[in-house]
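# The following block contains a protein sequence and its predicted model.
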Amino acid sequence: MTATDHVQAPAPAPGAPSRRREKGQAARPAMYIAKKVLALVVTLFVASLAVFFSRFLVPGDPARFLLRGRSPKPEALEEITRQFGLDKPAWEQYLNWLGGILQGDWGRSLTYRQDVSDVLLGRLPTTLQLVALAAVFITVLGLFAGIVASLNKGFGDRFILITLTAAGAVPPFVAAIALVALFSVGLGWFPSFGSGDGGWDRIWHLTLPALALGITYIAMVARVTRSSMNEQLLREHVEVATSRGLTRGSVVARHVLRNAMGPILTVSGVLVAGLLVSSAIIERTFGLSGIGQLLVQSIDRLDFGVVQAIVMVVVAAFVLVNTVVDLVQPLIDPRIAAGTESR
Amino acid sequence: MTLAIQLPQAGLRRYGSLLSPMAWGALAVAAVVVLLSLFAPVLAPYDPDYVDLNNVLAGPGGQHLLGTDALGRDLLSRLMHGGRTSLLGPTIVVIGSTVLGLLLGLVAGWSEGWLGKVLGRLFDLLFAFPALLMAMLAIALFGKGLFAPILAMTIAYVPYVARLAQSLVVAERSRPYVQAYRVLGFRTPWVVLGRVLPNLIPTVGAQSTLNFGYVLADLAALSFIGLGVQPPTSDWGAMIEESRGALLGGYILPAFWPALVVVLVVVAVNVIGEELSDRIGGKLS
Amino acid sequence: MSQLLQIENFTLGFPGRPPLLDSVSLHVNDGEAVALVGESGSGKSLTTRAALGLFPGGSESSGLVSVQGLDTLTASKQRLMELRRRHASMIFQDPRAGINPVRTVGDFLTETLLRFDGLSRSEATERAVKQLEQVGLRRAKELMDQHPHQLSGGMLQRVMIAAALLNSPDLLLCDEPTTALDVTTQAGIVNILREEQQARGMGMLFITHDLNLAASLCERVYVLRRGEVVEHGPTRTVFLTPEQDYTRQLVEATPVIESGAASASPAAPGPDSAVAPLLKVSGLSKTYQLPRGEIITALDAADFSLPEGGSLGIVGESGSGKSTLARLVVALETATSGELTLRDVPRPRRPLNASERKTLAKDVQIVFQDPYLSLDPRIPVGNAVADVFRLHQKQGRKEAKDSARNLLGRVGIGAERIDALPRALSGGQRQRVALAKALAARPRLLVLDEATSALDVSVQAQVLELVEELRDQLGLTILFVTHDLAVVSRLCSEVLVMHQGRIVEQGPTARILEDPGDDYTRNLIASRPRPLWDAEPVTA
């Protein structure tokens, strides 16, 4: 919104909403969805450009770069040149890469000597389970702490706020060490290594990692919830609702929580991407073989194709979650689709 | 996009001009850590790399104030020297991202046409690459060490500053006082740099302060998984990694101290940043 | 005598600070309309909210606030909710803030019916629709499914009134219910309130800052100043023969249409004088394209001219295009088509470059509406004015500071405030500084864009006086943009009425006020509230 285009649309006369207005409404949701989906595709496209061409930032022979740490025998160089099409122009290399990705061919891993997609698919479930469990902790604990803090002024709020400040400052890897020291080494309640056999055993094994992964984000969600609710609590419509004799519970449930959801949902994109990246550290600490662990190993073993693929997966997850959030927002606040309220 | 601090809101006015006791405490902690790290070569009781296999995993007190690690190295000295590396990275990243972010944010906020839109999209795109991911991609490209992640994180944190600056500039630009400057005939660069920019600095400063904590944690995490600083250089994250073996054997202290320092510094920085943003929220309303 | 609302010696404040309300006593009888009048910060809203048991968090209060015998200071939560559900309702100032934007109008109306009256959803909907129709909303069934942002402010305030009336309250509390609305919309709302109050025999406490509005609606009035009731009695007595100085000031400061007495400076030449006009506008239009492709015409082919030394009032309601016109004159906007000539210099139809802007600044300046946003929060007021002297009069740092001190003194800001930041000043003082800043460029034409609308009436009167004084001393030409006919009648010899982007009428102020030629102008003049005691025969 620019200053010069800031106009107040002329208000229609009382009792007579104009026709033009109604016609616009039918077309608007479809336009809104189309726009968001288009933005998704464009963002993914540009992100893929960035990820692919990042390799070109490294000076020197690309074949030697890709073969770092391995014997640069002529036949190896030749193979890598053929496999990546390094003798072709850059744009052709990109198109081949992109085409491959779209068809499920993500290239071959130099370390594992198998298709990147197979390596990834084998690792993905562990990471998804870990992230999902962390997301459950975050949603439940974060929302709960935030709501309790905002509804209890004074001591309760201060106590929770201080706890959140402390929790938010514990990096996942420190949390991991602390949890292991306390619950594995100290109390022996939870295992400190491995991902278990599935079912409850899997959850038992993933509890500590998920908590370690989630702790900063629990604090983040709780803070956003608290401030978003506090902002709504000051709004006049809340006072109006109270003045009509609604109970405190009804006022909070109907007029505060619902209105406060927008900012909370908005952080979920950042949250999912952050969880996926931080899982690299957590998986390594707890010896879980997910894509996070794979990312660190591939960097370690100079397997650039795999690194590229994982970066792309995380970025896509972020963009996708953000798009879903954008599509859900109008259901919560109808002004967003109408374009009168921009967040 | 989420920013750690909210834009100034009316009605949250804070009274009093002194810092809260908590903020004073945070400042004190930060100052002590910075001074001890800065003057480590003078103040540290031991050579941080001196291995004393006769004195491994010693408890605190006695000759070694905080004890020794699995190789008998003095933990306090290692903490002080490690602090130099641990604090240097975030400092560079925060200064770089603040300067770049302010610049881009000002341009994006002030230009009404396509430039503002394009820059806005660029910030959105950068948000899709979390800082830690960007750092790992950079390490994959340029090799392990501090250079690649610092460069990558500087870029990754630009949108956090730039988005905030942009939204502040857009808000300021439509305010009557800025329009009055235009009608009065003041030149745009004078208005933007001389009048609007100073009004942004407190808020952006608060955001950058918070960023410092995140960067510190992320860089320490990279060292912890062995992708950051390489031996013999050490930092707090690397110290925790070195101590994992001892930890599983029941020796908590070698990992506890660096973890404690990391958490303390991040808490201190967050408290200061929040105090700043609260204060600004009150003042500008 | 049954007292519906009785407030005795009600004192409210925060511990350790002077009280916000000090021994307030007032009462409202069954079926009676009572006004509570005061300027901002007088404690009107706090008093009214206390009647529903709504107190600011952390406050301490004493005295008695009783509604039908229930003391809201001591009543249990349950009894208070009962009171709010069955016996007393409140209408708030800003309906757009007061109705939850994410829920439908129907949800807002029926939520109390479903919960407290045990109605089924269809019964509740039926009641709500009936109520909406009663407050003058057509197609009420469709409105039920719409969201607040799809309705105009006037419609929303009717929804709010409907909601307040749903539980057939005995006491209706109104907190500035028309302040956020245009004059013509206000007239409709006031009519409904009057009708409903009389038909239902409700007691009504009507809060307003507008004495005219109070006089048009209420038999008795209380005048509140800084938390104390300074005067009360029958409206007519209080307003016609006020006993207290404050009330007298308030009555005198309240703008009324001074037909025939438009205080134009005597030297001002008539519109048909041979002198070339300072500002000439012909066929000036401004259109905006909304992101969805819709085109909005904010200003449609405006034609007028303003002679040097003249004073022209531009009157219109929100969305009339009057502010667009003001912004075009000072080149904050670029016209889509048409000509604008200032001092014989035609305005190019593109954004001005830096040097053009600087030249223009010496011809025309503007003062904006909002005193809280129109000064740079970080710059001491003396420096803000001195900066302009340095830019336009090429003065040195020290000289500029002296000039600023002089000019600020002239607009009534003493030397002791010269280093104050804007936030240390009151709204009226800030507008004076804004005026000084504009005058420091020594313009010929001064545009005032609703420059006094956000001020309390007594402050507004002082600022208007200052503008008149400066106009006569400096020979300024004035373009005064406002929604308030009375302010125009006082300040401007010529007036121009705008409606939906078009100029519907222009001419000498006295002529237009006495004998409007256009229906809209007539409606605008008729919409102004009239005191009950000289009400014309109602034609509507």
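Okay, I see it. The structure presented is a predicted model; accordingly, all values stated were derived computationally and were not measured.
# Quick check: the gap between the residue lying closest to residue A:157 once chain neighbours are set aside and chain C.
Leaving out its chain neighbours, the residue that sits closest to residue A:157 by CB to CB, 6 or more residues apart in numbering or on different chains is residue A:149, at 4.9 Å. Quick note: C-beta positions are derived from backbone N, CA and C, even for glycine. In this view, residue A:149 and chain C are 16 Å apart by CB to the nearest CB, to the nearest Å.
# Report how many residues lie close to residue A:149.
24 (other CB atoms under 10 Å in any protein chain shown).
# Tell me if it really is in a strand.
No. Counting by DSSP: H, G, I helix; E, B strand; the rest coil, residue A:149 falls outside a strand, being helix.
# wait, it sits on residue A:160?
Yes. Applying CB atoms under 8 Å as the test, residue A:149 and residue A:160 come out as touching, 4.0 Å apart.
# what's the overlap in contacts for these two?
A:222, A:226 (CB atoms under 8 Å, 6 or more residues apart in numbering or on different chains).
# Those residues of chain B touching chain C, which are they?
Neighbours of chain C within chain B, by CB under 8 Å from any CB of the partner chain: B:175-177, B:179-188, B:195, B:198-199, B:283-284.
# pLDDT weak spots in the chain?
No chain in the question, so chain A it is. A:1-28, A:338-343 (pLDDT under 70).
# that's the other chain; I wanted chain B
In chain B, residues with pLDDT under 70: B:1-18, B:280-285.
# all helices of it, in order?
B:21-38, B:40-43, B:75-110, B:114-127, B:131-142, B:147-173, B:176-183, B:188-189, B:197-224, B:236-242, B:244-248, B:253-283 (DSSP state H).
# ok, now the stretch 201-343 of chain A?
Assigned by DSSP state H, counting those that start in this stretch, the stretch 201-343 of chain A shows helices spanning A:236-243, A:248-250, A:258-266, A:268-286, A:291-300, A:304-332, A:335-338.
# List the residues that contact the residue nearest in space to the middle of chain B.
Residue closest to the mean C-alpha point of chain B, counted by CA atoms, centre = their mean, is residue B:212 at 0.8 Å. By CB under 8 Å, 6+ apart, the contact set of residue B:212 is B:90-91, B:94, B:269, B:273.
# Now neighbour count too, for the residues you listed, in CSV please.
Shown next, in CSV, are those (neighbours: other CB atoms under 10 Å in any protein chain shown):
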residue, neighbour count
B:90, 25
B:91, 14
B:94, 25
B:269, 25
B:273, 23
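# wait, which of those is closest to chain A?
residue B:269 (8.1 Å; CB to the nearest CB).
# Could you find the closest non-adjacent residue to the closest one?
In space, residue B:269 is closest to residue B:213, 4.0 Å off (CB to CB, 6+ apart).
# Enumerate every residue touching the one you found.
Per CB under 8 Å, 6+ apart, neighbours of residue B:213: A:169, B:90, B:265-266, B:269-270, B:273.
# Likewise for residue A:316?
A:44, A:47.
# same thing with residue B:254?
Contacts of residue B:254 by CB under 8 Å, 6+ apart are B:57, B:67-70, B:75, B:239, B:242-243, B:246-247.
# Cross-check the residues you listed against chain A and keep the overlap.
residue B:247.
# Most neighbours among the contacts of residue B:254, which one?
That'd be residue B:239 among those, by other CB under 10 Å, with 27 neighbours.
# From what I see, that one and residue B:80 are in contact.
No. Using CB under 8 Å, residue B:239 makes no contact with residue B:80, being 11.4 Å away.
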